[in-house]
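Undergrad: this one's sequence-less:
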């Protein structure tokens with residue numbers, strides 16, 4: 001055995017050396033993200049350790065080492081009988097993406113603390129808690145999914161019960177998931193080990209940008225884990241939180257479920273806008289579906305299928321933008337008639353199919369596919385009337401096949417995936433649109449009516465294959481026990497982006513204190529540049545590499561040591577050649593400067609070097625330094641998994657979404673030209689973009705395009721920095737996890753700082769290089785023969801410190817109840833004044849570095865309490881309480897004479913921000929559900945469920961009214977909530993669900 005031990009040490013040393021060499025030398029890999037469970041512990045030396053899934057018969061074995069240590073890795077989550085010989089058998093439940101400890105001592109019986117119902121058989125099993133992990137996160141169990149009330153059937157809604165996470169349901173029904181003060185696109189969701197990252201748009205994952213839809217059938221989700229910090233090296237394309245989900249599989253018995261739920265106008269309270277209008281807008285929500293699974297070959301092959309449909313008609317308030325009531329009252333009668341309640345119809349179909357086959361006890365093959373298709377009317381809401389809505393088509397199709405092969409000392413997974421996901425909104429009306437703005441501030445839009453803005457029509461998506469392989473060694477010893485995992489993925493994805501349609505000119509009208517002017521002062525319309533295409537496609541190549549060592553030094557100390565490296569090539573950015581016409585214009589005489597001074601020279605005086613943005617097709621290079629060390633530790637004070645100190649530090653690179661990178665091509669190809677029609681409020685010098693008004697211009701887009709045919713005058717030029725970097729986050733945390741009786745608690749301090757976000761700023765400069773003159777920016781100082789210069793650079797930063805506190809008493813059949821308490825304290829700051837976290841534009845200062853750090857749009861305090869209780873007579877009770885302080889409002893206060901513009905970026909929190917000690921006017925809701933289960937015949941049962949959402953009908957306002965003050969003095973209440981505007985979540989609502997299970 002000494003020889004065997006020496007061999008293992010030698011193997012470990014060689015594998016570490018080889019893996020580090022491979023990581024540094026092979027710029028071609030990115031990896032599988034495991035949703036599997038691992039179990040490790042001690043048994044008698046040199047014995048066979050067997051794990052058998054009680055549902056499917058799936059069996060895995062390994063051999064304990066000389067010291068008795070063993071590890072079973074990459075097991076599908078579920079209930080297992082694990083033993084190391086006679087008298088050592090334990091029946092345990094392993095949770096998703098977990099590493100648990102189970103010591104297999106002879107004649108030691110594990111007390112049963114929960115029950116796994118397998119149809120006619122009930123198996124008592126212990127759910128093994130994950131105590132000695134350095135990750136900061138929480139598991140959302142199947143019990144939580146089945147019992148906690150929810151507004152939608154989006155399975156991600158339950159992530160709201162995890163400290164540090166915020167799931168938002170807007171009044172238009174759109175949902176988002178955020179973490180760490182960052183935008184939704186910073187998260188990633190891994191389903192069965194496959195990342196669902198959206199490479200083109202915001203939203204984090206495919207299909208979740210501006211939608212009421214669900215990413216996956218909830219009936220098909222087994223359970224999932226949310227990791228908010230310190231994820232291991234296997235997780236990629238992420239800078240905030242990781243959601244790791246495992247889908248359900250068929251078992252050795254046939255099981256299924258059919259359900260339908262319903263709510264409508266009569267089953268909900270009026271929204272604030274409906275109360276103001278004195279009329280309730282008709283609405284209805286319907287969700288329905290089924291699941292069915294079972295054996296194909298007993299203990300060998302199984303199937304599972306699920307379908308869910310959703311039909312919504314969501315009420316929405318058409319509210320004016322942030323203008324004074326005096327101006328709002330002066331809108332034309334036709335526009336005023338479009339204010340008030342409206343609705344947003346939506347329909348979705350979701351399918352999931354999965355097969356598994358185990359030809360031997362060493363091999364497992366899984367094949368699965370997802371199909372999602374939805375249609376919706378969107379765009380209506382604050383500042384936008386129903387006549388300006390869009391018809392949105394959104395679909396997501398995925399296919400996965402994987403082969404697992406195990407041996408006593410190692411495990412390998414080979415996986416192939418294919419994805420096809422597209423987002424295609426288009427205008428419901430074709431014609432002229434009208435935007436009404438404040439006469440003294442054309443940036444203050446009050447209301448848009450008529451045909452939708454052409455910039456709302458898009459075609460954005462991704463499709464292509466990926467192949468990945470992961471190899472795990474689970475039987476290596478050297479100063480403790482090691483589980484070493486490494487893997488590789490190559491992904492070739494075609495990215496497509498069309499940023500606008502070529503129709504629907506938008507006319508802008510002045511609204512004054514005495515009425516709305518009858519003629520427009522401006523029109524915006526799309527116009528194609530000959531020889532270019534408004535649709536950009538590129539074959540994006542993604543590579544990466546990682547190695548992860550989970551090192552159990554002794555019964556107290558566990559180290560999680562990892563490093564990953566990512567690499568990405570986006571040819572449309574890397575190989576882009578700036579058109580010669582643009583280069584020539586940049587180096588041409590500046591018409592506003594002294595003779596001999598070029599436009600580029602004026603920019604250089606203002607700190608803008610055009611050579612940083614002019615691409616010749618060879619001076620842009622993919623980033624090669626994305627090394628991401630990740631270190632975590634856990635220290636079990638007494639070695640009994642009762643009190644564990646944990647912490648870690650790490651770096652994680654995300655990615656720049658493609659709809660940003662493609663703008664230098666699509667903006668030039670299909671420009672939004674602007675022509676001004678001068679009046680008493682809007683002056684300009686005569687030019688092709690400054691002409692007198694003629695009623696003929698209302699006759700169609702062709703007339704307007706004819707005014708600028710053959711010219712690039714007024715055409716915006718967007719240029720990307722040639723050395724753009726990939727956004728990343730640095731994370732650090734320290735905390736303590738405790739197990740006291742049935743309770744598990746965790747208190748963690750975490751800091752997540754995100755750097756190098758891409759932002760667009762105004763590149764124009766005055767002839768002397770200045771950015772400010774007489775309180776104004778150089779918007780008129782355009783590129784000769786073109787329009788404004790917009791430049792993209794790195795520089796957006798978010799800095800977030802959080803205290804994350806959780807207390808869980810898991811549900812058990814013996815106690816009949818369970819509860820989860822999650823509290824988050826956040827101090828989040830950002831260096832821009834955008835309320836919308838997905839907005840990439842910053843025009844209120846010369847550079848992004850000139851912005852102050854402001855409080856981000858994140859609640860300082862947030863408390864979520866959820867749980868469930870078994871009641872007599874077959875009743876099941878669930879609840880969820882959510883309390884949060886108000887979200888700050890970010891904006892620009894133009895009341896000061898001490899800045900060049902007279903304006904200063906500000907962040908103000910609406911009043912009512914006391915937490916627990918007084919009124920909470922940010923977000924508060926308490927939801928209940930009660931379910932009656934009853935037997936129909938043998939294994940056929942039914943249930944009736946009532947959900948009462950926002951039981952006290954609290955109005956969780958989302959719109960702000962601002963009145964910052966004057967003469968350099970801020971009002972005492974510069975920001976208040978709009979009491980007749982939109983709300984988050986839902987008004988009080990009752991939802992009825994009927995279902996059958998077998």
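TA: Sure thing, it's come through. Values in this document were obtained by computation on a predicted structure and should not be read as measured data.

Undergrad: which residues touch the closest residue to residue 282 other than its chain neighbours?
TA: Spatially, and ignoring its direct neighbours in sequence, residue 282 is nearest to residue 265 (5.1 Å; Cβ to Cβ, 6 or more residues apart in numbering). In short, each C-beta sits where N, CA and C put it, glycine included. Residues in contact with residue 265 (Cβ atoms under 8 Å, 6 or more residues apart in numbering) are 280-284.

Undergrad: now list the buried members of these.
TA: 280-281, 283-284 (16 or more other Cβ atoms under 10 Å).

Undergrad: closest to residue 77 among those?
TA: Set against residue 77, the nearest of those by Cβ to Cβ is residue 284 (36.5 Å).

Undergrad: partners of that closest one in the sheet?
TA: Beta bridges link residue 284 to residue 264, residue 313, judged by DSSP bridges.

Undergrad: and residue 809, by the same measure?
TA: Beta bridges link residue 809 to residue 819 when assigned by DSSP bridges.

Undergrad: tell me how many other residues crowd it.
TA: Counted with other Cβ atoms under 10 Å, residues neighbouring residue 809 total 18.

Undergrad: state the distance from it to residue 379.
TA: To residue 379, residue 809 is 45 Å away according to Cβ to Cβ, to the nearest Å.

Undergrad: and the nearest residue to residue 277 once chain neighbours are set aside, its phi and psi?
TA: Excluding the flanking residues, the one nearest residue 277 by Cβ to Cβ, 6+ apart is residue 340, at 4.3 Å. Dihedral pair for residue 340: phi 120, psi -160, per degrees, to the nearest 10.

Undergrad: contacts only, for residue 340.
TA: By Cβ under 8 Å, 6+ apart, the neighbours of residue 340 are 273, 276-277, 279, 317-318.

Undergrad: can you say which of those residues are buried?
TA: Buried subset of these (neighbour count, 16+ other Cβ under 10 Å): 273, 276-277, 317-318.

Undergrad: in those residues, find the pair that's most separated.
TA: 276 and 318 (11.6 Å).

Undergrad: for residue 175, give the beta-bridge partners.
TA: Here residue 175, judged by DSSP bridges, has bridge partners residue 169.

Undergrad: check residue 227 too.
TA: residue 137, residue 242.

Undergrad: what is the burial count for it?
TA: A count of nearby residues for residue 227, using other Cβ under 10 Å, gives 23.

Undergrad: could you do residue 609 as well?
TA: Neighbour tally, residue 609, other Cβ under 10 Å: 11.

Undergrad: distance check, it against residue 793.
TA: Residue 609 sits 11 Å away from residue 793, going by Cβ to Cβ.

Undergrad: likewise for residue 883?
TA: 39 Å.

Undergrad: please apply the same query to residue 599.
TA: 19 Å.

Undergrad: ok, residue 946 next?
TA: Counting by Cβ to Cβ, the gap from residue 946 to residue 793 is 54 Å.

Undergrad: now do residue 497
TA: 20 Å.

Undergrad: endpoints of stretch 196-212, how far apart?
TA: End-to-end distance for stretch 196-212: 18 Å, by Cα to Cα, to the nearest Å.

Undergrad: now that stretch: mean pLDDT?
TA: In this model, stretch 196-212 has a mean pLDDT of 93.

Undergrad: same check, this time on stretch 799-810
TA: On average, the pLDDT along stretch 799-810 is 97.

Undergrad: how far out from the middle of the chain is it?
TA: Per Cα atoms, centre = their mean, to the nearest Å, the displacement of stretch 799-810 from the mean C-alpha position of its chain is 20 Å.

Undergrad: surely residue 398 touches residue 353?
TA: No - counting by Cβ atoms under 8 Å, residue 398 stays clear of residue 353, with 11.2 Å between them.

Undergrad: who has more neighbours out of these two?
TA: More crowded of residue 398 and residue 353, by other Cβ under 10 Å: residue 398, with 21 against 16.

Undergrad: which SSE is that one in?
TA: According to DSSP states H and E, residue 398 maps onto strand 390-406.

Undergrad: paired strands for that strand, with orientation please.
TA: Sheet pairing of strand 390-406 (DSSP bridges) gives strand 363-378 (antiparallel), strand 410-427 (antiparallel).

Undergrad: buried stuff in the shortest one?
TA: Judged by neighbour count (16+ other Cβ under 10 Å), strand 363-378 contains these buried residues: 364, 366-368, 370-378.

Undergrad: would you map the helices across the stretch 551-700 of the chain?
TA: In the stretch 551-700 of the chain, the helices defined using DSSP state H, counting those that start in this stretch lie at 571-574, 580-586, 599-605, 658-661, 663-669.

Undergrad: now residue 885: how far from residue 576?
TA: For residue 885, the distance to residue 576 equals 45 Å [Cβ to Cβ].

Undergrad: I figured residue 649 hits residue 750, correct?
TA: No - Residue 649 lies out of contact with residue 750 (Cβ under 8 Å); the separation is 10.7 Å.

Undergrad: between these two, which is the more surrounded one?
TA: The residue with more neighbours, out of residue 649 and residue 750, is residue 750; 24 against 18, by other Cβ under 10 Å.

Undergrad: ok, the more buried one - contacts?
TA: Applying Cβ under 8 Å, 6+ apart to residue 750 gives the contacts 136, 164, 180, 228-229, 731-733, 735, 801-804.

Undergrad: tally up the residues packed near residue 409, please.
TA: As a burial measure, residue 409 scores 16 neighbours (other Cβ under 10 Å).

Undergrad: confidence score at it?
TA: Residue 409 is assigned 92 on the pLDDT scale.

Undergrad: what secondary structure does residue 79 sit in?
TA: The three-state label given to residue 79 by DSSP: H, G, I helix; E, B strand; the rest coil is strand.

Undergrad: quick one on the thing from earlier: go through the contacts of residue 750 and say which is closest to residue 683.
TA: Nearest to residue 683 among the contacts of residue 750, with distances taken as Cβ to Cβ, is residue 180, at 46.1 Å.

Undergrad: contact partners for that closest one?
TA: Residues near residue 180 by Cβ under 8 Å, 6+ apart: 164, 186, 228-229, 240-241, 729, 750, 752, 754, 798, 800, 802, 828.

Undergrad: pick out the lowest-pLDDT one from those.
TA: Ranked by pLDDT, the contacts of residue 180 bottom out at residue 229 (91).

Undergrad: okay, now it: neighbour count?
TA: 31.

Undergrad: could you do residue 605 as well?
TA: Around residue 605 there are 15 other residues, counting by other Cβ under 10 Å.
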